[in-house]
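>>> no letters, just coordinates:
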């Protein structure tokens, strides 16, 4: 479990674990869908209400998600810029991978580790890449 101090209170980082998940305006499937996200979207838990969790995304927007769709077992990352070059190793001297040379904004990954200013991430197909740490939001 990953817990952090945020604005003076203890918060928990969680990740979407299902292939897709609907974020909603309130704690019910009757509430409007505010965003459809994919596996590994990192979120910050704000509060719980029954089977629902209010979360904050990397842009600061608040949503609700059904608790069975998330986990705190690992860290996740999302690309926060329009485009981020991916690399085969931690640095610009390493080649861009042929299968995915660039990750677009909102692309999500499981965060694995950091080396210097670089982060190693893994996509839902279990392919591993390196990305400059300042281009992603990790929680």
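Good, I have the coordinates. If you're wondering where the values come from, they're calculated on a predicted model, not measured in any experiment. Residues are numbered from 1 along each chain as shown.

>>> where does the closest residue to residue 108 other than its chain neighbours land on pLDDT?
The spatial neighbour of residue 108 that comes closest, neighbours along the chain excluded (C-beta to C-beta, 6 or more residues apart in numbering), is residue 40 at 3.9 Å. C-betas here are computed from N, CA, C, even on glycine. Here, the pLDDT recorded for residue 40 equals 98.

>>> show me the contacts for residue 40.
Contact partners of residue 40, counting by C-beta atoms under 8 Å, 6 or more residues apart in numbering, are 15-16, 76-78, 108-110, 123-124.

>>> show me the shaky parts of this structure.
Across the chain, the stretches falling below the confidence threshold (pLDDT under 70) are 1-10.

>>> nearest to residue 66, out of the contacts of residue 40: which one, please.
Ranked by distance to residue 66 (C-beta to C-beta), the contacts of residue 40 are led by residue 16 at 10.5 Å.

>>> could you pull out the helices for this protein?
Under the criterion DSSP state H, helices are not mapped anywhere in the chain.

>>> tell me the domain ranges of it?
Here the domain parsing of the chain from automatic domain parsing is 3-74, 77-138.

>>> closest to residue 133 among the contacts of residue 40?
Out of those, the one with the shortest distance to residue 133 is residue 77. That distance is 9.1 Å, counting by C-beta to C-beta.

>>> my read: that closest one touches residue 136, true?
Yes. A contact is recorded between residue 77 and residue 136 when judged using C-beta atoms under 8 Å, the distance being 4.4 Å.
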